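In: I'd like to go over a predicted model; first the sequence, then the structure.
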Amino acid sequence: MAQRKIQIHCNSQTETEGLAAKLAQIAKPGDLFALTGDLGAGKSTFARAFIRSLLDSPEAEVPSPTFTLVQAYEGPDYPVYHADLYRLHDPEEVYDLGLDDERAEAVMLIEWPDRLPEEWLQEASEISLVRAEKVGGQQGDDEARTVMITSDDDTIMALGE
Ligand SMILES: Nc1ncnc2c1ncn2[C@@H]1O[C@H](COP(=O)(O)OP(=O)(O)OP(=O)(O)O)[C@@H](O)[C@H]1O
Ligand SMILES: [Mg+2]
């Protein structure tokens, strides 16, 4: 299916978190979200807001999976896996993490997805977070992000409307 791309501008972390919460409400088992962007762009922050929305638990503990590589959550209808593959070197290592068995039944939020095997990436929707250009050093620019979503899923594309 043809992939389409939308851009959503967020002026604040709260706006980015709101977008993540909306995505959580339309996500379905089998969805794989590839979270891309530089160090500190907000991938873990986005995943945290997504998971808290799905669990309907605004205070839920959602640590960055930087060291554990994978964190698992039991949503009301399906599990969610939040992974950070930064420390993987070979796409084959992803099979050691046990994610493959869960792919069809779970939602995956994957940071540093460039480490994934090619066939996983082909099925993914990409959520790319980019720090918005600083405009004249105005206050508040630190939180501005452009979120680019690439997907073949019309429901997800409707987030841009
Ligand atoms: N609009 C925003 N969206 C997301 N995070 C934001 C935003 N504005 C500010 N931040 C801050 O930016 C930081 C993002 O850190 P986070 O750990 O989410 O990044 P990351 O992309 O996961 O980095 P890493 O590559 O190290 O895993 C947090 O301190 C967060 O509070
Ligand atoms: Mg992170």
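Out: Sure, I can see it. Ligands and ions are numbered 1, 2, ... in the order given.

In: starting at the chain centroid, how far to stretch 65-84?
Out: Put simply, stretch 65-84 sits 11 Å off its chain's centre (CA atoms, centre = their mean, to the nearest Å).

In: same deal with stretch 40-57?
Out: Remark: stretch 40-57 is offset 8 Å from the chain centroid, using CA atoms, centre = their mean.

In: buried sites along that stretch?
Out: Applying a neighbour-count criterion of 16 or more other CB atoms under 10 Å, one finds 41-55 buried in stretch 40-57. For glycine as for every other residue, the C-beta is placed from the backbone atoms N, C-alpha and C.

In: now, which of those residues sits nearest ligand 2?
Out: residue 44 (3.2 Å; CB to the ion).

In: tell me which element that closest one falls in.
Out: helix 43-55 (DSSP states H and E).

In: and that helix with ligand 1, contact?
Out: Yes - in terms of CB under 6 Å from any ligand atom, part of helix 43-55 sits within range of ligand 1, namely 43, 44, 45.

In: give the contact list for the closest residue to ligand 1 within the chain.
Out: Distances between the chain and ligand 1 by CB to the nearest ligand atom are smallest at residue 42, namely 2.6 Å. Contacts here follow CB atoms under 8 Å, 6 or more residues apart in numbering; on that basis residue 42 touches 13, 16, 129, 145.

In: among those, which are in helices?
Out: Using DSSP state H, the members of the contacts of residue 42 that fall within helices are 13, 16.

In: near ligand 1, which residues of the protein show up?
Out: Within the chain, the positions near ligand 1 by CB under 6 Å from any ligand atom are 10, 12-13, 16, 37, 39-45, 64, 84, 111, 142-143, 145.

In: could you rerun that using 5 Å?
Out: Within the chain, the positions lying close to ligand 1 (CB under 5 Å from any ligand atom) are 13, 16, 39, 40, 41, 42, 43, 44, 45, 143, 145.

In: switch those residues over to CSV; also include pLDDT.
Out: Below are these laid out as CSV (pLDDT from 0 to 100):
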residue, pLDDT
13, 96
16, 98
39, 93
40, 93
41, 95
42, 97
43, 98
44, 98
45, 98
143, 94
145, 94
